[in-house]
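In: Whatever this is, show me its structure:
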Amino acid sequence: MKILLTGASGQVGYELERSLQGLGQVVAVDRRRMALDQLDQVRQVIREEKPQLIVNPAAYTAVDQAESEPQLAHRINAEAPAVMAEEAKRLGAALVHYSTDYVFPGEQPGARREGDATGPANVYGASKLAGEQAIIAAGVPHLIFRTSWVYGMRGKNFLLTMLRLAKEREELRIVADQHGAPTWCRTIADSTALVLAQARGGGAEWWQDNGGIYHLASQGATTWHGFTEAILAQAGIDCRLVPIASSEYPVPAKRPRNSVLDSGKLMGRFCNLPTWQESLRLCMRS
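Out: Predicted coordinates for the structure are as follows:
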């Protein structure tokens, strides 16, 4: 099987290139060959490679910047996946795509399930929801994995930012009223590979029976403050943490107060998912 992997230089794409190796020939591309804001280029690469499977972790992820660049965010997060879905359908291929907890408004308590009503609170979430809808509308065999609070040991993410700031400052003021599940990028990649291993040899019938939207996030929940406490404890860094309300840290894009995802559907059908604490420990060891 030929697998076209986008966003190979990103934190999830980097891990996927490793995790997918046993499933087929992985053709990994980054923005130098496939820039998602260049839709003709997206179409051209897919037609050149003719994959049986497209795996798309590439995205516009600058949540605050998206508020001032809504057209660019929509092109990358909605229009580009739409092109991928159209081309995959033309080839008879399948598409794996990644979305976000930010498609939900985040005002209700409890963990969100796949069928719960969406209602993004910011431009980024709206662009990702539009991408989901475009893939579904195309009628292509697909898996859409919604994940949350993605981090890793490369790229730009909350974990690396906290490690850097804690070494530079004596005190950090961290938001303590937003809840979610930090999810290691390697957890996302390895879980994707486990799901796709079950799809091998299943053909169109497998995708018809198992395709759709799944939540893929670490188990449990915490706040940004709680996540930071755990990061610094694992790293052995002594820095005073002050919990604050989100209103004390104004940013351009509104964040959900509760973006915990219920991943029971995926775990019941495919594979188990670790707790966020377990994943963080393994990530820091790596």
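In: ok, the residue of the chain positioned farthest from its centre to residue 226 distance?
Out: What lies farthest from the middle of the chain is residue 170; by C-alpha atoms, centre = their mean that is 31.9 Å. Using C-beta to C-beta, to the nearest Å, residue 170 is found at 20 Å from residue 226. C-beta coordinates here come from the backbone N, C-alpha and C atoms, glycine included.
In: Could you do residue 191 as well?
Out: Residue 191 is 23 Å from residue 226, by C-beta to C-beta.
In: ok so, going back, show me the residues around the residue farthest from the centre of the chain that make contact.
Out: Neighbour list for residue 170: 239, 240 [criterion: C-beta atoms under 8 Å, 6 or more residues apart in numbering].
In: got the residue ranges for the strands in the chain?
Out: Along the chain, the segments classed as strands by DSSP state E run 2-5, 25-28, 53-56, 94-100, 142-147, 150-151, 171-175, 179-180, 183-184, 212-215, 222-223, 240-244.
In: Mean pLDDT, distance to residue 200 and mean neighbour count added to these, as JSON lines?
Out: Below are these laid out as JSON lines (pLDDT from 0 to 100; distance: least, C-beta to C-beta, whole Å; neighbours: other C-beta atoms under 10 Å):
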{"stretch": "strand 2-5", "mean pLDDT": "98", "distance to residue 200": "11", "mean neighbour count": "22"}
{"stretch": "strand 25-28", "mean pLDDT": "98", "distance to residue 200": "13", "mean neighbour count": "18"}
{"stretch": "strand 53-56", "mean pLDDT": "98", "distance to residue 200": "10", "mean neighbour count": "26"}
{"stretch": "strand 94-100", "mean pLDDT": "98", "distance to residue 200": "11", "mean neighbour count": "25"}
{"stretch": "strand 142-147", "mean pLDDT": "98", "distance to residue 200": "14", "mean neighbour count": "24"}
{"stretch": "strand 150-151", "mean pLDDT": "97", "distance to residue 200": "26", "mean neighbour count": "24"}
{"stretch": "strand 171-175", "mean pLDDT": "97", "distance to residue 200": "42", "mean neighbour count": "16"}
{"stretch": "strand 179-180", "mean pLDDT": "97", "distance to residue 200": "32", "mean neighbour count": "22"}
{"stretch": "strand 183-184", "mean pLDDT": "98", "distance to residue 200": "25", "mean neighbour count": "28"}
{"stretch": "strand 212-215", "mean pLDDT": "98", "distance to residue 200": "18", "mean neighbour count": "20"}
{"stretch": "strand 222-223", "mean pLDDT": "98", "distance to residue 200": "35", "mean neighbour count": "20"}
{"stretch": "strand 240-244", "mean pLDDT": "97", "distance to residue 200": "46", "mean neighbour count": "14"}
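In: And these: which comes nearest residue 38?
Out: Closest approach to residue 38 among those is made by strand 53-56 (14.8 Å; C-beta to C-beta).
In: among the helices and strands of the protein, which has the poorest mean pLDDT?
Out: helix 203-210 (a mean of 93; mean pLDDT, DSSP states H and E).
In: And it, what does it pack against?
Out: helix 185-199 (3 or more C-beta pairs under 8 Å, 6 or more residues apart in numbering; DSSP states H and E).
In: mind running it again at 10 Å?
Out: strand 94-100, strand 142-147, helix 185-199 (3 or more C-beta pairs under 10 Å, 6 or more residues apart in numbering; DSSP states H and E).
In: Redo these as JSON lines? Include distance to residue 260.
Out: Below are the helices and strands packed on helix 203-210 laid out as JSON lines (distance: least, C-beta to C-beta, whole Å):
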{"stretch": "strand 94-100", "distance to residue 260": "13"}
{"stretch": "strand 142-147", "distance to residue 260": "12"}
{"stretch": "helix 185-199", "distance to residue 260": "16"}
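In: In this model residue 54 seems to touch residue 92, though I could be wrong.
Out: No - between residue 92 and residue 54 there is no contact under C-beta atoms under 10 Å: 11.9 Å.
In: can you pull the pLDDT of the nearest residue to residue 111 once chain neighbours are set aside?
Out: Spatially, and ignoring its direct neighbours in sequence, residue 111 is nearest to residue 262 (3.8 Å; C-beta to C-beta, 6 or more residues apart in numbering). The score at residue 262 is 98. That number is its pLDDT.
In: Surely residue 262 touches residue 216?
Out: No - if you go by C-beta under 10 Å, residue 262 and residue 216 don't touch, sitting 11.0 Å apart.
In: Residue 26 contacts residue 18, doesn't it?
Out: Yes - with contact defined as C-beta under 10 Å, residue 26 reaches residue 18; the gap is 9.2 Å.
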